[in-house]
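Trainee: here is a sequence with its predicted model. Questions after.
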Amino acid sequence: MNPVNYLYLAALLFTIGATGVLIRRNAIVVFMCVELMLNACNLAFVAFSRMHGNLDGQIIAFFTMVVAAAEVVVGLAIIVSLFRSRHSASVDDASLMKL
Amino acid sequence: MSAAAVHSLWTTAADPMLKIPAPKIEYGQLSPTLIVIGAAVVGVLVEAFVPRRSRYYVQAFLAVVALAAAFAAVVGLAAGGYGTTKAHIAAMGAISVDGPALFLQGVILLTGLVAIFTFAERRLDPEAHGNRVDSFAAQAASVPGSDSEKAAVKAGFTTTEVFPLALFAIGGMLVFPSANDLLTLFIALEVFSLPLYLLCALARRKRLMSQEAAVKYFLLGAFASAFTLFGIALLYGYAGSVSYGKIADVVDGSVQNIDPALADTMGNDALLLIGVAMVAMGLLFKVGAVPFHMWTPDVYQGAPTPVTGFMAAATKVAAFGALLRLLYVVLPGMRWDWRPVMWGIAIITMLGGAIVAITQTDIKRLLAYSSIAHAGFILAGVIATTPDGISSVLFYLGAYSFVTVGAFAVVTLVRDAGGEATHLSKWAGLGRRSPLVAAVFAVFLLAFAGIPLTSGFAGKFAVFKAAAEGGAGALVVIGVISSAIAAFFYIRVIVLMFFSEPKADGPTVAVPSPLTMTTIGVGVAVTVVLGLAPQYFLDLANQASVFVR
Amino acid sequence: MSFPLLTATAVLPAVGAVATAAVPAARRTAAKWLALLVSLATLVLAAVVLARFEPGGARYQLTESHAWIKEFGVRYELGVDGIAVALIALTALLMPFVILAGWHDADPQETGSSRWRPTQGFFALILGVEAMVIISFEATDVFLFYIFFEAMLIPMYFLIGGFGDRAHAGSDEHAAAQRSYAAVKFLLYNLVGGLIMLAAVIGLYVVAGNFSLPEIVAARANGSLHMATSTERWLFLGFFFAFAVKAPLWPLHTWLPNAMGEATAPVAVLITAVVDKVGTFAMLRFCLQLFPEASKWATPVILVLALISIVYGALLAVGQRDIKRLVAYASISHFGFIILGIFAMTSQGQSGATLYMVNHGISTAALMLVAGFLISRRGSRLIADYGGVQKVAPVLAGTFLIGGLATLSLPGLAPFVSEFLVLVGTFARYPVVGIIATFGIVLAALYTLVLYQRTMTGPVKPEVSALPDLRVRELAVVVPLIAALIFLGVYPKPVTDLVNPAVKHTLSDVHKTDPKPAVEAAK
Amino acid sequence: MENLIALLVAAPLLGAAVLLCGGRRLDRVGHLLGTLLAAASFVIGVVLFADMLGKNADDRTFTQHLFSWIPVEGFQADVSFQLDQLSMTFVLLITGVGSLIHIYSIGYMEHDERRRRFFGYLNLFLAAMLLLVLADNYLLLYVGWEGVGLASYLLIGFWQHKPSAATAAKKAFLVNRVGDMGLSIAVMLMFTTFGTFAFGPVLKSAEEHLGGGATLTGIALMLLLAACGKSAQVPLQSWLGDAMEGPTPVSALIHAATMVTAGVYLIVRSGAVFNASPDAQLVVVVVGAVTLLFGAIVGCAKDDIKKALAGSTMSQIGYMVLAAGLGPIGYVFAIMHLVTHGFFKAGLFLGAGSVMHGMNDEVDMRKYGALRKYMPVTFVTFGLGYLAIIGFPGLSGFFSKDKIIEAAFAKGGTEGWILGSVALLGAAITAYYMTRVMIMTFFGEKRWQPDGEGHEPHPHESPKSMTIPMIVLAVGSVFAGGFFSIGDRFLHWLEPVTEHSHGNAPISATTVTAATMVVLVVGAGLAYLQYGRRPVPVVAPRGSLLTRAARRDLLQDDFNHVVLVRGGEHLTRSLVYVDHTLVDGVVNGTAASVGGLSGRLRKLQNGYARSYAVSMFGGAALIVAATLLMRAV
């Protein structure tokens, strides 16, 4: 099967993730959507790697996973602390600062 | 793609030892980064093993020493000619050691150093239970106003983790502008972003706002970096490599692709254009260019002021460094594609920042918008696509970062019962109450406004001149118009400080320790010196204005 | 190399400013005396410049040149021609009187308000302005000029906003609001002008590659530097706009009345008599020399604007109810004359314009300072609040009248010479314009005499019945100025001799020659 | 000898400087010093005169070059003097009458605490007036021209506490400024035409008709405008009446004898220019004729003795201008009438002043009457002046005015007839209003009553210091005319400067004289019938329309008020509004709109992270699209 289709899939996933970021209120979900976008990138990398016949893409995928993990650590820390002090994980509630 | 090719792929994968050569790392040339990262790691260990009482001192000392040493290393490298003649690409093509890299690393390190001083400042807030406190939460994990927090305060906890975090961030920033392939770029981006997200959340006062800032920064930052990453993926798909050099070759068309099987990806301009746009977006997000700027005011306002200062100065430097390298090393071949886009962004950034700033009522938000406007000015220099453009941007970044750190340091001084009094109305009559501080802040504001005899003017002149020479005359005109608009709100603050009556319940100006004094002093000194005799630094920027490729 | 006289002339007041600012708060009087001495010393240096300058000699004399910012092709280049010397002399001459007149303007206890107005700052700022003005008269490097042309806004801004006129109709709050409005208006107006000029300055660099006025002029003359017509026009407009704001030329004038109204009289003098002259001076030195063709191209429009300024300013002066605003509008009218003279492009016009700058400086100083003394006595700026003053304070009234007569350029007083030269110079090339401008002298008489009649004559108002006459300090301010007015009115030759060669140069730059008389007069 | 010329000016100038800067310590001697210096100037004048008489007619022109005043390229203005017969005549008149009036003022201003200043101003006036007549170029003349204007301003407004005085002074200066505009434009025209404005070359060129008729006409008309301003000729006459607010000696010296005649001097001095432009000359005679009647009519209606005299002054100067407009036929007579008028009109004013002095400064003639018993000297001198002005045979006025009327006829053609008859009519009216003044003041019943505070004026003769000058002037007004005319002394004296030509009179001189006599008798008779035969009502009767108009200066002031003053006020007010709302409004408006825009853009920053993400996403889409687009196009 033509690996280009994987690219289309990646793009689709990326778009879904982005849309999720835009429409979901819960910080956790939003964050998960970001993760989805990162994974879409991974898919793209791997697909390209396959097409180009070199390993860079696959290596980058590993890096991305690590980065994603790190982001989870930091992100969850922040979101949780926010949740604990506000008893809500809605990103819309967090709008003290505006204008 | 033929089965044989696939097979060959597998076999290569199966027999790595022959193919993958042992990487050769020029530790000497990477020493600045290594020192800082190393110190950061040590800092983590300090957190683990050194008793709480003495951590602050150890951490602060460690950070200062590390940054100083790293700066010394940068100077050493520059003196060793790595900025000019011996400039080359180190670490297997991951990191480039050249003029712009060293210059920006130097700026970042110095800015970081003076910023660290403000991190370490603990004379501004009144002592809590006999413990000197800094601007960071006693215990970030405890809920604001909760008993655990009170207990933490009583116990005199302090979040000394800020030092290693800052060091990590600086480490990432050092790599960011010198990254020579997209992967390193991305990693560096994350390495300096993540600690910043955390630092934003650590304010001692107004913790809700601080956390909110962190969340916003984090989510939007992650969102942006996802775009960047996808852009990288596309570029990789376009060029078959993430190394700047290789991509550039493909862009220039100097490599004809061999394998017709790859025709639909390799050298596919759609991939290139979309990828570039997305990567650029990630960087523009970091520099706070319209329309990717909206995080800036909220985060600047919510974050602890020392962090804001650090972020506003260092992040911009690093991000613009990376942007320059991307546009000048990777994409000179397609500047006719990106220049118009950058034009548009520069224009809306200059105007947008300046105009919205007019109606701001919070000094930190005001400075945030001013930083957006300045991003626009710098972009004008970036667009020049001439050596002068590079040097002018470098100079501007150097000048701007010190003014910024200094300005935010002054903001930390003006306090009332609720901590820093950042609402502009509180600043009324400050000049009457404490002339010196007001005068210093006025100097910074005038520098922001680009009044002659300040570094701001020299920088602005440099970038506008470069832009004009680069054929962007219209951009210069819009630039001067928006700096006229910008002048208005800087002046407004000065009017407020000097010409309006002090409020009865006005804020007091805390007397800082030598640490903050140094920060402010350095800021003023650099502002004035670069205003009166910029020649030396311009030369420096000039020599440093050649990218290695 | 010889002693850097020009630098010294500019640096001395700068140093003086720093020193004055450094005087401890308690020693207020010491600061005043220090400032006064510094200004006098500067006057001496200016006199030396005047003496060392040979009118017949090279175009730019006492030149100094050092590398400054290679990167921008900027050099620290100083040099003076006759025009610059005259204006430097004017500046240095006026300063001691400004300081003397403002002796008490910044005394906290005498202002009776808790306002933050340290005397030290006031006089330091005045000296700072003097330094910047002088150096911008001296600079022959466009960039150097621009730097100080812009930078001088800041001290002026603080002088206007920080030390307002105490005689104010409204409450303290209202006064403060008015004052900062005036200050901000002043700053923004001039800043916008300056920034637009910055664009032009950059453009000039892109075209010419350096900033040295003599070099660029020479290069343009020998054709080695070509400027496209459109480019030249744009650059000219950029420069001219800034200068027109500073001058100020209608319709860019509205900042002046606010600024002069709200500032204390000495500061108002500083604005109109000294700082604004930089604008007209720069038109003469930079606009005409750098962009001769564009200047000629723009002349018709500029002449019309100048005419409007003359008539409009005069008419508005008639309509004012506030003494200082009246003087401000009168100044607008006078600046119209100056600009008219400059762009008439005749030697009479331009010599007249230069002379006009000097004379207007002195006459406005005389009128404005006396008005300031009057206002400080009665505590009101409104004309309607006065009447019959000459009965109680004849000397004050007399000096005020002389100042007024100078303003309406009565023959025998200095302004007449310059005004007539401007008129003749204009008439020689543009008769109609000249005739219309002549109406200005009637209007000038109108607003001056109306002002005098309403304030000084008629029955004595009870509020003014106790006004003391001029004190010694005030006489020391006014008398020399009046003496200067009379001397320059009777014997302006020294100044004209100083100026004429420079004007010749300028005219040759724009390739213009005086129109010849229609016929050879019979002997 | 020449070098004395500067002293003529210097002496009174010194006086002015000393008296005005001297301060109170000079109060006691100030008036004496001032008089002394005026007299000194007169003496110098006499010495120069004697010296001049010693020379033969052609080299009677003295010049003195002091220094170069305004040298700018082609524009060379010098401070240098020229004293020829014409200037000499004026010098003697100015200094002579001037000194007398100084003396008179010693007495008149005795009780004024600002007498020192008064004398300072008088000296200033003398200096300026002498500068005016001695200058050898038009620009320097201009200095004197405005100088006398200033002096007149200061002196009219001398009693500044009186708003009327202050207003009158301002009015005088402003109206004069309009004239000065003409003079300065004339100078500019000369400069651009001839490259110079010195009398010598300009007049020479005019004689040779260089520069083109149109230009010369232009110059001439501009000079005429100046003359109208200074000499209160229609249409710029309105200030003279109000100028009577000044102390009477001032009215006598400045607004009767000397300054107001400067216009005539200017025209005669520039004779060559006018000769070269008949059109301009026509305008001049018209102005003269009109003013002649205008002033006379106004003079008939005024009850204020000074205003009546002012009207007469206006009309007499009308005669002079008329004469001057006739060209070479008239120049000499214009000047001659100017001199004689200087004597008798000054005398009349001093007389009026003396009357007022005796009547508590009452000026309304209807409150006078029968004063001849109380102040005989004044009566006699005033009477002689009266006879002189109406042109009683043998007295000054008779000769000078008669000559003008002749000259008017001699203009020839219809013009000649019209002008001549106008001049005659003027003579008749002159006789009428002067007789009226005479009768109302000195004859009939005493009509003065106690004033408000109830003290009745006690008319008395004035002190010697006042009467002596009056006597001297009376002598002058009796004999001057005869002295000048016997053997055409004055004609020959002035001819070298102004040249002279006898026109072709359609009617013989004797006829003219006879006609003059007739109209004189008629005019005086009418006045006698109206005022001598029946008592004069203390309150002025309503009078005919013309009378009422004449009382209001023939409504010319009302016209000015409505058109110029009101209009001007409206204009300025609306301009102030425009400046504030429009010019300034644009600026503030721009600022405001930027602010408003800022306020609106600010709303975008709504604090919701998701909307920020939207803008980022949109931005990303935008730049992607843009980049692709860039490649597409």
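Mentor: Happy to help now that I have it.

Trainee: list the helices and strands the helix ranked longest in chain A packs on?
Mentor: With residue count as the measure and DSSP state H as the assignment, chain A has helix A:56-86 as its longest helix. Taking 3 or more CB pairs under 8 Å, 6 or more residues apart in numbering or on different chains; DSSP states H and E as contact, the helices and strands that helix A:56-86 lies on are helix A:27-52, helix B:182-200, helix B:207-239. (Glycine included, C-beta is placed from N, CA and C.)

Trainee: nearest to chain C, out of those helices?
Mentor: Set against chain C and scored by CB to the nearest CB, these come closest in helix B:182-200, at 30.2 Å.

Trainee: and the closest one, is it in reach of chain A?
Mentor: Yes: with CB under 8 Å from any CB of the partner chain as the threshold, helix B:182-200 lies in contact with chain A, specifically through B:L183, B:F186, B:I187, B:E190, B:L194, B:Y197, B:L198.

Trainee: count the neighbours of the first one for me.
Mentor: Applying other CB atoms under 10 Å in any protein chain shown, we find 21 residues neighbouring B:L183.

Trainee: test my guess that it contacts B:V242.
Mentor: Yes: contact status for B:L183 versus B:V242: in contact at 5.1 Å, counting by CB atoms under 8 Å.

Trainee: what touches both of those two?
Mentor: A:D56, A:I60, B:I232 (CB atoms under 8 Å, 6 or more residues apart in numbering or on different chains).

Trainee: most packed of the helices and strands packed on helix A:56-86?
Mentor: Each of these was given a mean neighbour count from mean count of other CB atoms under 10 Å in any protein chain shown, and the largest, a mean of 27, is that of helix B:207-239.

Trainee: re earlier: and the helices and strands packed on helix A:56-86: which comes nearest chain D?
Mentor: Ranking these by proximity to chain D (CB to the nearest CB) places helix B:207-239 first, at 4.7 Å.

Trainee: what's the burial count for B:G523?
Mentor: A count of neighbours around B:G523, defined by other CB under 10 Å, yields 29.

Trainee: contact partners for it?
Mentor: Residues in contact with B:G523, defined by CB under 8 Å, 6+ apart, are B:V114, B:F402, B:V403, B:V405, B:G406, B:A407, B:A409, B:F444.

Trainee: what about B:A504, is that helix, strand or coil?
Mentor: When the structure is reduced to helix, strand and coil (DSSP: H, G, I helix; E, B strand; the rest coil), B:A504 reads as coil.

Trainee: what's the pLDDT at it?
Mentor: The model reports B:A504 with a pLDDT of 78.

Trainee: from chain A, how far off is it?
Mentor: 27 Å (CB to the nearest CB, to the nearest Å).

Trainee: what of C:L467?
Mentor: In this structure, C:L467 and chain A are 54 Å apart, going by CB to the nearest CB.

Trainee: helix, strand or coil: sort out that residue for me.
Mentor: Secondary structure of C:L467, per three-state DSSP, is coil.

Trainee: do C:T63 as well
Mentor: When classified by three-state DSSP, C:T63 comes out as strand.

Trainee: check which residues of the longest helix of chain A are buried.
Mentor: The neighbour-count criterion (16 or more other CB atoms under 10 Å in any protein chain shown) identifies A:56-57, A:60-61, A:63-64, A:67-68, A:71, A:74-75, A:77-79, A:81-83, A:85-86 as the buried residues of helix A:56-86.

Trainee: thinking again about what came up before, out of the contacts of B:G523, who's nearest chain D?
Mentor: B:A407 (21.0 Å).

Trainee: list the contacts for that closest one?
Mentor: Listed by CB under 8 Å, 6+ apart, the contact set of B:A407 reads B:G309, B:L367, B:F441, B:F444, B:L445, B:F448, B:G523.

Trainee: redo the residues you listed as JSON lines? Include distance to D:F197.
Mentor: Supplementary listing: the contacts of B:A407 in JSON lines, determined by distance: CB to CB, whole Å:
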{"residue": "B:G309", "distance to D:F197": "72"}
{"residue": "B:L367", "distance to D:F197": "66"}
{"residue": "B:F441", "distance to D:F197": "62"}
{"residue": "B:F444", "distance to D:F197": "61"}
{"residue": "B:L445", "distance to D:F197": "58"}
{"residue": "B:F448", "distance to D:F197": "59"}
{"residue": "B:G523", "distance to D:F197": "66"}
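
Trainee: widest-spaced pair of those?
Mentor: Farthest apart among those by CB to CB are B:G309 and B:L445. That separation is 15.0 Å.

Trainee: the more surrounded of the two?
Mentor: Taking other CB under 10 Å, B:G309 and B:L445 do not tie; B:G309 has more neighbours (31 against 26).

Trainee: hmm, the more buried one is touching B:F408, no?
Mentor: Yes: look at B:G309 against B:F408 with CB under 8 Å: they come within range, at 3.1 Å.
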